[in-house]
Structure formats: structure tokens, C-alpha cells
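Asker: Make a model of this:
(2 chains)
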2 protein chains.
Amino acid sequence: MVKGTSSPASLEALAIGIDIGGTGTKFGIVDRVGNVLFTGEISTKKHKQVGTFIDELHENLSSLIQNVGGSGRIRGIGVGAPNGNYYTGTVEYAPNLPWKGIIPLAQLIQDKFQLPSILTNDANAAAIGEMMYGAAQGMKDFIMITLGTGVGSGIVANGHLVLGHDGFAGELGHTIIIPDGRFHEGTGKYGSLESYASATGVTLTAKEMLAKTDTESLLRQISVKDIDSKKVYDAAVQGDAVAREIFEYTGKILGMALANFVMFSSPEAIILFGGLTKSGDFILKPTREYMEANLIQVFQNRVKILVSHLRESDAAILGASALVWEMP
Amino acid sequence: MVKGTSSPASLEALAIGIDIGGTGTKFGIVDRVGNVLFTGEISTKKHKQVGTFIDELHENLSSLIQNVGGSGRIRGIGVGAPNGNYYTGTVEYAPNLPWKGIIPLAQLIQDKFQLPSILTNDANAAAIGEMMYGAAQGMKDFIMITLGTGVGSGIVANGHLVLGHDGFAGELGHTIIIPDGRFHEGTGKYGSLESYASATGVTLTAKEMLAKTDTESLLRQISVKDIDSKKVYDAAVQGDAVAREIFEYTGKILGMALANFVMFSSPEAIILFGGLTKSGDFILKPTREYMEANLIQVFQNRVKILVSHLRESDAAILGASALVWEMP
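Answerer: Predicted coordinates:
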């Protein structure tokens, strides 16, 4: 479509999407159809105070906003954050963030940027991103699970995010899957899904398995403190039996948890996202197998496990920005 | 309101509610504000064929229908049944019913009675009953759990039943809570909530605990085959330590499961219903305690556990009949 201006895009409204993670915070400027125009990233971890975090975020985003012609084109700011509450705009008691207690993050951002701001759980934001631009297009019932440093989730039922009574629904990473199981430092709970089926969990499983047996493994060539889920994957690719068993064990637990989630909300698909999905069939095959094995008959062979095909760096930003177009 | 007829009620539309359980089937004629006018009950178990079941149901209901002046006053029939599917009107692979495979129950009833019929999961029906006439009035997010011979559930989120992609959502009794735990005869799965937190589960726990130790207990005066959850309750009331430990154990598992459900959909309340709730604080106290202990901070002390105050014999009939008023 040709318009009478030097740049047709100059008239189009844009949204800012911010994805706050425990380690880093990504942000971008996105158009209505899901093109991510400019992006950036800052450290979350280094900011002990939310005030300095907002300052650095503002500084970095300001130059991106200049790139698109100033804040007049920005409709608003959507934020995804762990333990983010859609109703109140606050982040509450997030185990993986440096700021404790209740943080009025949407308000702080709105005041600093002088732009309408809206916030939800980071995984809810990603679920909206999948529904609008990704693997869940056209679905009314699905569950999005992010397998990263932690395990996040966003649940859509009857075409709407399940936010719950108080806006905190969808904390599937913290559901207990092995009673009295592995300790989770951030929550003080035992046996949660996140303590097994995250990058952190895979690393812990690797260390446990290597300590428990003398079985030969490529992983023994690495100093124990340097083992991480990426190195376990590299070893699995080279045929290492211990590395493959680590993924088998992780998939067994994840599959069992997915079966439970299916029996809760009977989704059309479960969409997996995040670093661990890069381990492909090493983790997906046992996950599918153990999910099916734990489902009662009525659910068997009915639920797809899909891997998100959005670029990881974009999906959460896309989802957060999508909140803006839905703003009341 | 006075009308020009001998009986004002004679003009009012009524609904039939049918609650199909593994053992018995209850039914009643209900008015729009939830008065149960006439009720009856037949055996489900004795009918190996669904055809003879429908025949007996029709025979019994016909006389009730005559009581209210004939089928002209009946708007329709609502049915709650295990593994009932709202979308298709079928009952599919119900482990606790005598009829295997896929049964087109709504159609069979509609053909026999010549009245519009609608069907859903029995626990979904009870959830609607609670929302319209019971403890969940005014709530938009709650979970209803029936603790009877089995464990059923109905989930309401954003003010609507969570039915899932294919109508089978809300099978929380079959979620795995103790991996590789107790075998469930009906499903062939291990460690499901139902295998512990049902009347059947309590009976099994009692037998296991009595077999494992020599601790004195009133329950040892009963022949093992005669032990059931009611007798465990009676012993607990008399201060029997083993009986109380049985409920403590059951509550521990139920509480952990409830914590998981809360972290899924963040309900305002969990409403418990069914025979086991009659054990009162023997089971409710540990359930609350272990639910809170397994919740991450953001959910703690926010979710009520309520016991249904509807008469047990009425609630499921009420819920099933309520489906009729919502019929498209």
C-alpha cells in the first residue's frame, strides 16, 4: 500500500514488548503484525534495586524509540515478568528476580516512560505470542511451557488466558511432581517440576548421576562445576549413554507432569519453548512416551506436543507487545 | 404472583436432572430456582447393557413426570456422567461404568424420552450446581472436587467450565500424585489421586497400615474385608490413632494435589463434596496444612477450602438440571 508520505511505516502505531527474565531483560519495538523492528537487552541480575533497573531500561529503550520517530508512535508498553500479575500490574515474590516483595512494575514503567503500560506473567506473555503469531494460531485450548533456566507456563482455555482469581494462575513449574523430591533453592519446596525439567534441573541430574555411578561418560572430562545442559546435549549427540539417560530421566518427569496438565485442561496442544527444547528428541521422545503412558485412555493420542517455531529471542517480546493491542 | 390457574406452578417450566454414578443413578425434577420437586434412584451397576438401563430410567422417571402434569412442562433433560462429553453427548471409556467404549448417552435418552437432552461430566454438573445454587455462588474461578467412591472434578475459570479442546477436561482424580505409586484397577495407572483420596483409597490405606504394623487399633476388631472409610471415621472419632493417621496420610496426599491445582488455575476456592468430606477435620485439617505447605508464597493463605453445603443427594441432580437452562 502506497501512502503520501516518505515512509508508509511512519504512520503505523507500534508497541514495545519487554521480557524480564532472572538473568537478562530483552525488549523490542514491534508492529501490529508481529515484525520485531528493533531490539536490545540488559542485565536483570546486576540490579539489586528495581529503580536502577528501570533507569537503564529507559536509557536503552529511548534510543530505539528515537529510531522509529519518537514516542508519539508508541501505543504502549507490554511487559512479561516472572510472577507478574495482570490485574494489579505488580510482580510479587518472584523467586528468580533480585527484587523481593511486591513491586509495582507496570506503574514504575508507566511513570518513567510516560506511556500506558501493562504487565503479565512472562509465560502468559509468551502464550499470547504463540496464539497471535506462533504455533498456537487458531487454538482455543493450549498450554505453553517454557523450559529455560526455570519452567514457566501460560494456559489458554476457551480462548482466554487462565489468570485465576488473583491473576497468578499458570505456575506449573512449581507443581510438585516427585513428593519429597529435589530441593528448590528459590522456593524452599521439594520435588517441583522446575527442579527437574529446567536447564538447572538437567545440570543437577547430570551431577547426581555422575556422582552415583562410575559409568564412563564424556561428561567426566569436564570439571563438575562447568557441567550444564548444553554440555549434556553435546555429549548426547556424540552417543554418550549417561547424557542420554539424563534426558530420558528428565523426559520421564516432564512427560508425567504434562499428562497431569492434560487431565486438568485437555488442551489441543502443549507448546514447548526455551533452551531445553534444543535438545530435540533426546528430551522430546521420552516426554511424549511418558505423557501417553500416564494418560487415561480418553486422552491418549489426542494431544500434540509442539515445539515453538518462533525465534526464542523474539517470542517473549512479541507476546509482551501483543498485550498492548489488547489493552482496555 | 397470582395467576388465573388453580396452581401457579403448573405454568412453570421444569428440568430433569440425572446423575449417573458407578453404583447408582439419581434423578429428579427441578424448578428454575433449584427446588428439587421429586426424586428417585436406580442401580447403574446391575445393567450390563445401556439399553436396559435407559428402559428402567424411563419407567421410573415417567411416573415422576406424571406427578408434575406431564412432559409438556419439562424443558429438557440434563445428565451428569463419568467421562461425559459436553460437546458430543457421549460417555467415553468410563472406567467406573459397566458400559465400555463410546456410548451416545444424550442421544439415547433424547430418543427414549422425546425431550432435548444434554450431558456433561458428573463433576462438571456438580460444579455448575455449586455455582448456581451452592458454595460457589458469585465465584468466577473455582474447582469442585468430589471425594466419593472415586475422585471427580469440575473446573471453572473466567466464569466458564473448563471443558478443554475435546470436552474431557477436569479429570483431576486421575492425575499422578505419587509416581509409581498405588495401582488403580479401573485405569491401570499407578499413583493417581483417586487411588488415595477416595473412599476406596482410604479403605486401601487402612488395610495397608494395619498390615504393616502391629499397632493396636479399634479397626483390628473388624474383619479386614469389612473395613471401609466410614468405619475408619468411626474409629477416628473414638480417638483411634491408626484411624487418625490414615486420614492424616490421605490429607497429606490430597493437600499436595490441591496445591498443584491451585498453581494451575489459581481459584478463589476449592469446594469439596462427597462422602469423604463427612470425615470433617480428620481429613480437612491435614489437607489444608499440606496444601499450604506445598504452595509457593504467592498463593499462600489465599485459597479457601470449602465443603459443599448442598445436600449430597441433591447437588448433582441440581447441577445436571442446571445444564438445561443453559441449553443453546
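
Asker: From here on, just use CA atoms for contacts and neighbour counts.
Answerer: Fine.

Asker: which is the next helix or strand following the helix or strand harbouring A:His58?
Answerer: Secondary structure from DSSP states H and E places A:His58 in helix A:50-67. Where DSSP H and E defines the elements, the next helix or strand beyond helix A:50-67 is strand A:74-81.

Asker: is the next helix or strand after that next one up against chain B anywhere?
Answerer: For strand A:74-81, the following helix or strand on the C-terminal side (DSSP H and E) is strand A:91-92. Yes - applying CA under 8 Å from any CA of the partner chain, one finds strand A:91-92 in contact with chain B at A:Glu92.

Asker: name the helices or strands packed onto strand A:91-92?
Answerer: strand A:102-103 (3 or more CA pairs under 8 Å, 6 or more residues apart in numbering or on different chains; DSSP states H and E).

Asker: who does the strand it packs on pair up with?
Answerer: Using DSSP bridges, the strands paired with strand A:102-103 in its sheet are strand A:91-92 (antiparallel).

Asker: What lies in contact with the strand it pairs with?
Answerer: Applying CA atoms under 8 Å, 6 or more residues apart in numbering or on different chains, the contact partners of strand A:91-92 are A:Ala81, A:Pro82, A:Asn83, A:Gly84, A:Asn85, A:Lys100, A:Gly101, A:Ile102, A:Ile103, A:Pro104, A:Leu105, B:Val298.

Asker: Now with 7 Å, please.
Answerer: Outside of strand A:91-92, the residues within contact range by CA atoms under 7 Å, 6 or more residues apart in numbering or on different chains are A:Asn83, A:Gly84, A:Asn85, A:Gly101, A:Ile102, A:Ile103, A:Pro104, A:Leu105, B:Val298.

Asker: re earlier: any chance you could list what contacts the helix holding A:His58?
Answerer: A:Phe38, A:Thr44, A:His47, A:Ser71, A:Trp99, A:Ile109, A:Phe113.

Asker: The nearest residue to the third one once chain neighbours are set aside and B:Gln49: what is the separation?
Answerer: This means A:His47. Leaving out its chain neighbours, the residue that sits closest to A:His47 by CA to CA, 6 or more residues apart in numbering or on different chains is A:Phe53, at 5.6 Å. Separation of A:Phe53 from B:Gln49 (CA to CA, to the nearest Å) stands at 68 Å.

Asker: neighbour-wise, which of those two wins?
Answerer: Between A:Phe53 and B:Gln49, counted using other CA atoms under 10 Å in any protein chain shown, A:Phe53 has the larger neighbour count: 18 against 13.

Asker: Check the more buried one and give its pLDDT.
Answerer: The score at A:Phe53 is 98. That number is its pLDDT.

Asker: Tell me the spacing between it and chain B.
Answerer: 23 Å (CA to the nearest CA, to the nearest Å).

Asker: ditto for A:Glu326
Answerer: Relative to chain B, and taking CA to the nearest CA, A:Glu326 is found at 17 Å.

Asker: and what of A:Pro95?
Answerer: Taking CA to the nearest CA, one finds A:Pro95 at 9 Å from chain B.

Asker: Can you give me the neighbour number for that residue?
Answerer: Using other CA under 10 Å, A:Pro95 is surrounded by 19 other residues.

Asker: how much space between the nearest residue in space to it that is not next to it in sequence and A:Ser192?
Answerer: Sequence neighbours aside, A:Gly186 is the residue nearest to A:Pro95 in space, at 5.0 Å (criterion: CA to CA, 6+ apart). Distance, A:Gly186 to A:Ser192, by CA to CA: 11 Å.

Asker: Comparing these two, which residue is more hemmed in?
Answerer: Neighbours per residue, other CA under 10 Å: of A:Gly186 and A:Ser192, the larger number sits with A:Ser192, 26 against 12.

Asker: mind listing what the more buried one touches?
Answerer: A:Gly173, A:His174, A:Thr175, A:Ile176, A:Ile177, A:Ile178.

Asker: Share the number of residues neighbouring A:Thr287, please.
Answerer: So A:Thr287, with other CA under 10 Å, has 26 neighbours.

Asker: repeat for A:Gly72
Answerer: Neighbour tally, A:Gly72, other CA under 10 Å: 12.

Asker: I'd like the distance between it and A:Ala13.
Answerer: Distance from A:Gly72 to A:Ala13, by CA to CA: 9 Å.

Asker: end-to-end on stretch A:90-106?
Answerer: 7 Å.

Asker: which parts of that stretch are buried?
Answerer: Using 16 or more other CA atoms under 10 Å in any protein chain shown as the test for burial, stretch A:90-106 gives A:90-99, A:103-106.

Asker: about what we covered before: out of the contacts of helix A:50-67, name the ones that lie in strands.
Answerer: Secondary structure from DSSP state E places A:Phe38 of the contacts of helix A:50-67 in strands.

Asker: out of the contacts of helix A:50-67, who's nearest chain B?
Answerer: Closest approach to chain B among these (CA to the nearest CA): A:Trp99, at 14.3 Å.

Asker: give the contact list for the closest one.
Answerer: A:Lys48, A:Gln49, A:Val50.

Asker: Mind putting the residues you listed into JSON lines with pLDDT?
Answerer: Formatted as JSON lines, those follow (pLDDT from 0 to 100):
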{"residue": "A:Lys48", "pLDDT": "95"}
{"residue": "A:Gln49", "pLDDT": "96"}
{"residue": "A:Val50", "pLDDT": "97"}
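
Asker: ok, A:Gly191 to A:Val232 distance?
Answerer: For A:Gly191, the distance to A:Val232 - CA to CA - is 22 Å.

Asker: The two: who's more crowded?
Answerer: A:Val232 (23 against 19).

Asker: gap between the longest helix along chain A and the chain center?
Answerer: Taking DSSP state H as the criterion, chain A has its longest helix at helix A:241-265. How far helix A:241-265 lies from its chain's middle: 18 Å, per CA atoms, centre = their mean, to the nearest Å.
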